[in-house]
Every structure is written in structure tokens, then in C-alpha cells.
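[1] make a model of this:
(one chain, ligands or ions: 2)
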Amino acid sequence: MLTLLTSAQMRKADEFTIANKPIASIDLMEKAARAFVQCFLKDEFDTSKSVAIFCGKGNNGGDGLAIAHILLANGYENIKVYVINISKKQSDDFAINLQRIEESKCKKVELTKASELKNIKADLIIDAILGSGLNKPLEGELAKIVKAINKLNKRIYAVDVPTGFPAEGKIAGEYNGIKAYKTICFQRPKINFFFPESVDATEKFEVVEIGLDENFIQNLNGDFQFVEETDVKGILKPRKLFTHKGIYGHALIIAGDTNTMGAALLSSMACLHSGAGLTTACIPQSGLKALNATLPEVMALPRDGTLAINNLDKYHAIAIGPGLGFSAEANSLLKSLIAHKKPLIIDADALNTLAENPDWIDRIPENAILTPHMKEFDRLFGRNDGWWERVQSAKIQAQKLNVIIILKNQFTFICLPSGKVIINPTGNPAMAQGGMGDVLTGTIAAFMAQKYSSTEAAILACFIHGRAGDCLSKELFVVTASQVAQQISKEIYKLNKIN
Ligand SMILES: NC(=O)C1=CN([C@@H]2O[C@H](COP(=O)(O)OP(=O)(O)OC[C@H]3O[C@@H](n4cnc5c(N)ncnc54)[C@H](O)[C@@H]3O)[C@@H](O)[C@H]2O)[C@@H](O)CC1
Ligand SMILES: Nc1ncnc2c1ncn2[C@@H]1O[C@H](COP(=O)(O)OP(=O)(O)O)[C@@H](O)[C@H]1O
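    Ligands and ions are numbered 1, 2, ... in the order given. Coordinates of the predicted model:
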């Protein structure tokens with residue numbers, strides 16, 4: 001799991017590396033600039049293009065000056081550096097690189113006013129005005145300069161972080177910073193790149209390694225971690241010889257209503273393809289025909305309007321909510337389930353029922369998994385102003401209630417009782433279609449039934465669910481929930497095989 005860093009932690013990692021590795025601060029900047037250029041050249045190999053590099057006077061600006069040098073050495077001849085007079089203060093490494101630029105054939109211009117930008121003609125722009133040192137919103141002439149740069153309407157590559165975009169923390173008000181085509185960031189992605197608000201600041205980002213001390217970084221107590229494929233492979237267990245269905249657990253999916261039976265079928269289908277030994281769907285009588293016709297492997301526990309499940313012993317994991325509706329029977333099933341200590345997943349309508357019965361929330365069994373999307377989360381725990389606030393609130397609730405909250409989005413945040421937030425990297429917009437969450441719930445239930453811990457089940461399910469969608473989307477504009485459910489077994493197979 002990769003530990004993500006705040007800007008303050010990043011500075012510590014810089015300082016530690018400089019103090020403990022045979023590398024000086026200016027050489028680290030040079031290394032960062034080289035890494036940036038290497039990445040930039042993958043996209044921009046036409047060296048006849050003209051490049052305007054806008055530099056502040058801190059280390060981000062220092063990077064920009066070093067990048068100018070390296071681009072010149074790589075055949076780019078038409079490069080102009082614009083040093084923006086935001087302050088009198090300049091960093092030591094900026095000053096060293098400025099001296100180098102003055103001694104080179106690179107053109108340099110000082111810029112104080114936005115109006116001076118009118119005549120700038122460049123094919124490409126590199127933004128190195130402010131990086132992770134941003135400590136307040138952009139205002140005054142600097143805000144005007146940034147607006148004018150955006151208005152040039154050229155492809156902008158940002159160094160480390162787009163000027164004006166906070167690397168972490170609340171993204172306040174309307175964004176007025178650089179709108180980059182791509183951000184090339186150093187060593188780790190910025191935490192705020194995982195929130196939907198970041199689309200205003202950068203269309204995409206790529207991380208380049210600059211040689212900071214990895215041991216030091218991993219041992220920093222970062223709240224945010226990022227799942228890698230190796231983590232998933234490390235958790236997945238192969239199926240052993242002589243094992244039988246009894247070994248892989250029995251999952252109960254309580255879901256479906258007259259008009260939303262599909263949700264129950266999708267959840268059950270995903271549970272089946274994710275490896276549960278046995279799957280039982282607890283659905284209304286009216287859904288039995290559809291269940292038997294589409295998923296013959298799944299057993300049924302029909303709901304007749306008054307069902308009470310007395311014996312939960314035979315189930316190893318229970319999921320409740322997809323398409324469940326709000327009947328008295330559904331409410332009483334949820335109420336009785338939260339009184340037990342069974343591995344439990346609460347999703348969709350069951351989450352909304354909880355929101356209407358807030359006094360039940362404190363009674364949710366420990367290590368239960370809640371899988372809200374943004375609206376369900378806000379209904380449960382109150383409105384949030386933006387994603388930073390929402391994830392902070394999920395982090396607090398997961399700790400307080402001793403549960404796992406899977407806050408779903410393009411990047412899904414798995415908030416653990418320990419206070420850690422694990423970011424899932426897989427998934428894509430082709431998956432933005434109804435029923436996808438039902439599939440995720442069935443997958444989590446299958447992993448919990450197979451005796452993975454709640455944390456493991458959450459990590460595995462989110463990663464594999466997204467990976468299935470990623471694989472399908474290579475050939476499809478949109479992937480349906482049924483397709484994802486059916487792809488899951490293939491993805492588990494691939495991850496297990498290379499183990
Ligand atoms: N060894 C190092 O220190 C390395 C640093 N690197 C670069 O250094 C950057 C961070 O550099 P710095 O810490 O010097 O900070 P920046 O260059 O981001 O900012 C410089 C100064 O701008 C001022 N400032 C902040 N917000 C402002 C605002 N809204 N309006 C006007 N002025 C504002 C602050 O006083 C800040 O110290 C990273 O993003 C990265 O690009 C890289 O070179 C990698 C190595
Ligand atoms: N743009 C996207 N990128 C990645 N994953 C997505 C995207 N859109 C949706 N998903 C995934 O699909 C699921 C949607 O869940 P949810 O909103 O509960 O769907 P439903 O209620 O229709 O079943 C989540 O797991 C989410 O992460």
C-alpha cells in the first residue's frame with residue numbers, strides 16, 4: 001500500500017532525503033526536473049514546438065527553470081521563461097537555477113502584469129508558478145495572470161501541482177487556478193487529485209519518481225493509502241485441493257422488491273462469480289421465477305411480507321439493501337440484523353432506512369461494512385460541503401462506529417476503524433450505470449463469506465470490481481453491471497495466477 005503525503009510530510013521527506021542520502025537540495029531539484037522532462041517528452045516529442053515556462057520564485061519556479069535547461073538539451077530550441085514577480089523572496093535553489101538560465105541561451109522575461117501576457121505566442125505552456133507551497137487562494141495580480149494564462153488556450157503541463165490548486169485540504173469556492181491538461185507530480189500523487197473537484201484543475205496526472213527516501217515515506221504516519229495490485233495479490237488466497245463448497249462460505253443477500261428485483265439478481269450474480277461456496281437470495285416471492293431462470297445456482301429464501309430470519313447460524317456473511325425497498329418487513333429485517341454480530345454489509349435502501357432511524361446507527365455491529373455513494377452518505381451523516389469534508393466525516397464515523405465505510409466514486413475511499421483511508425485506484429466512467437453498486441455489494445459478501453476480514457474483503461472487492469470494469473471498457477463504451485459481475489471471476493483468476 002502506498003502512503004500518500006501531505007505537503008508538510010513531503011517537505012519532511014525532502015529534508016530527510018537531503019540529510020541522509022548523498023544528494024544536495026539543488027541536485028534533487030535537477031532530478032525532479034529531469035523526471036518531469038522524461039515524462040513530458042513521452043507526450044510532446046515534436047521539438048519544433050515553442051514552449052512558454054511560467055515560473056514563480058519558490059522551488060516550484062526553480063523546477064521550471066531547471067526544466068527549461070533540460071528541454072534545451074533535448075532539442076527544444078524555442079523556449080521562453082517568464083519569471084513572475086509575485087514576491088521579493090526567492091528560494092536558494094531558484095536563485096541558483098536563475099543564474100544558470102542567465103548564463104545560457106534561454107530567453108528570460110520578467111512579468112508583473114497580466115496585460116503583458118497578451119502578446120505571448122507559444123504552442124505549449126509549462127506551469128511552475130506555485131506548487132505545494134500554496135498557502136492561500138490566488139488573488140490580486142497573480143490571479144489575473146493565471147486567468148490570462150488559461151485564456152491563452154494552449155495545452156498546459158503543470159509541475160507537481162497546478163498553480164492555485166491545494167494539494168490537500170478543502171477546495172474552497174470556485175476554482176481560479178491553472179487548468180492543466182496534465183500534471184506531472186513528484187513521487188506521490190496529491191491527495192486532492194482523487195476528489196471530483198480536481199477535474200477543474202487537471203485533466204490527468206502522472207507520478208514520477210524523484211528519488212526521495214521510500215522507507216522514510218512509508219513509515220510516515222499518513223492517513224491516506226493507495227492500493228496497488230501487489231497488495232491485492234498478497235491478500236487473495238488460492239483455492240486448495242480437496243476443498244468443497246462448505247469451505248467457501250454461505251452468503252445471504254437480502255435484496256429486491258417488485259420493481260427492483262434486478263438489484264437482487266445482480267448482487268447474487270456477483271456473489272456467485274466472486275467465489276462464495278453457497279449463495280442464498282432473500283427476495284420477495286414474486287422474484288422466484290426470475291431467480292430460478294437466470295441464476296439456477298442461487299438458492300432462495302422467499303419473503304412473504306412477514307419474514308423473520310430466526311436462524312442466522314448457517315450464513316457466514318449477510319448483505320442487505322440492494323433494491324430492498326422500505327416495507328415494514330424490510331425494516332424489521334434490518335433492525336434484527338444489526339442486533340447480531342454476523343459479518344454484515346449494509347447498502348442502498350438499507351442505508352436510507354438507517355438514515356430514517358438514526359438511533360439504530362450506533363448499534364451497527366463492529367466491522368460491518370457500509371457502502372454509501374455520496375448522496376446516501378450525506379443522508380446518513382449530514383450534508384457535506386465538498387469531498388474533502390465528506391471523506392473527513394467518513395473517517396470520523398468509521399472510527400466512532402468501529403465500522404468500515406466504503407464511500408463510492410470514481411476513486412472509492414475505504415475508511416477503516418483505525419482512521420486510515422484506503423483509496424481504490426481501479427474503475428472508470430464506463431461503469432457509471434445503475435446496478436454497479438449492487439454488484440459491488442455481492443462481491444464484498446462473497447469475500448466475507450470466504451472468511452476474509454472485513455478490511456480485506458473491502459479492498460479485494462473494490463479493486464477487483466473496478467478492474468473488471470477497466471478490462472471490459474477497453475472494448476466497450478459502457479459496461480453493464482451484469483457484464484462486470486460475470487467478469488469478476490476472470491479477474492480473480494488473473495490476479496491469483498500470477499501470484
Ligand atoms: N527539495 C525540494 O525542496 C524539492 C521541491 N520541489 C518543488 O518544490 C515545490 C514546493 O516549493 P516551495 O515550498 O518553495 O513552494 P512554492 O514554490 O509552491 O511556493 C513558493 C512561495 O509562494 C508563496 N505563496 C504561497 N501561496 C501563495 C499565493 N496564493 N499567492 C502568492 N504567493 C503564494 C509562499 O510564500 C511560498 O513559500 C514543489 O511543488 C515542487 O515543485 C521539487 O523540486 C522536488 C524537490
Ligand atoms: N466514473 C466511475 N469510475 C469508477 N467507478 C465508478 C464510476 N461510476 C460508478 N462507479 C462505480 O460503480 C458503483 C456505483 O455504485 P452505486 O452508485 O451504488 O450504483 P447502483 O446504486 O446503481 O448500484 C461504485 O462502486 C462506483 O465506484
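
[2] start and end of stretch 77-93, how far apart?
    Counting by Cα to Cα, to the nearest Å, you get 24 Å between the two ends of stretch 77-93.

[3] that stretch: how far from the chain's middle?
    Taking the mean of its C-alpha atoms, stretch 77-93 sits 34 Å from the chain's own mean (Cα atoms, centre = their mean, to the nearest Å).

[4] tell me which residues in it are buried?
    Residues of stretch 77-93 classed as buried by neighbour count (16 or more other Cβ atoms under 10 Å): Asn78, Ile79, Lys80, Val81, Tyr82, Val83, Ile84, Ile86, Gln90, Ser91, Asp93. Glycine gets a C-beta too; all of them are placed from N, C-alpha and C.

[5] that's a strand at the last one, yeah?
    By that I understand Asp93. No - if the criterion is DSSP: H, G, I helix; E, B strand; the rest coil, then Asp93 is helix and not within a strand.

[6] so who does it touch?
    Residues in contact with Asp93, defined by Cβ atoms under 8 Å, 6 or more residues apart in numbering, are Ser25, Ile26, Met29, Asn59, Gly62.

[7] apart from its neighbours in sequence, what residue is nearest the fourth one?
    For Asn59, the nearest residue in space outside its immediate sequence neighbours is Ser91; the separation is 5.0 Å by Cβ to Cβ, 6 or more residues apart in numbering.

[8] so that neighbour touches Asp63, yeah?
    No - using Cβ atoms under 8 Å, Ser91 is not in contact with Asp63; the gap is 10.4 Å.

[9] in terms of helices and strands, where is the residue in the stretch 301-450 of the chain that ligand 2 sits nearest to?
    Nearest residue of the stretch 301-450 of the chain to ligand 2: Gly437, at 2.2 Å (Cβ to the nearest ligand atom). For Gly437, the element it lies in under DSSP states H and E is helix 436-449.

[10] helix or strand right after that helix?
    Downstream of helix 436-449, the first helix or strand assigned by DSSP H and E is helix 454-472.

[11] circling back: now, the buried residues of stretch 77-93 that are in strands?
    If you go by DSSP state E, those have Ile79, Lys80, Val81, Tyr82, Val83, Ile84 in strands.

[12] what's the farthest-apart pair in these?
    Across those, no pair lies farther apart than Ile79 and Ile84, at 16.4 Å, counting by Cβ to Cβ.

[13] residue nearest the centroid of this structure?
    The residue lying closest to the centre of the chain (Cα atoms, centre = their mean) is Phe411, at 2.9 Å.

[14] check contacts around that residue.
    Taking Cβ under 8 Å, 6+ apart, we find Phe411 in contact with Phe194, Phe195, Ile423, Asn424, Pro425, Gly427.

[15] how near is the residue nearest to the second one when sequence neighbours are not counted to ligand 1?
    Yep, that's Phe195 we're talking about. Among residues not flanking Phe195 along the chain, Trp387 sits closest, at 3.8 Å (Cβ to Cβ, 6+ apart). From Trp387 across to ligand 1, the span is 21 Å (Cβ to the nearest ligand atom, to the nearest Å).

[16] OK, contacts around Trp387?
    Trp387 neighbours (Cβ under 8 Å, 6+ apart): Ile171, Phe195, Pro196, Glu197, Asn409.

[17] is it possible to get a markdown table of the residues you listed that adds distance to Lys182 and neighbour count?
    Listed next are these as a markdown table, based on distance: Cβ to Cβ, whole Å; neighbours: other Cβ atoms under 10 Å:
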| residue | distance to Lys182 | neighbour count |
| --- | --- | --- |
| Ile171 | 19 | 22 |
| Phe195 | 18 | 20 |
| Pro196 | 18 | 13 |
| Glu197 | 17 | 17 |
| Asn409 | 21 | 16 |
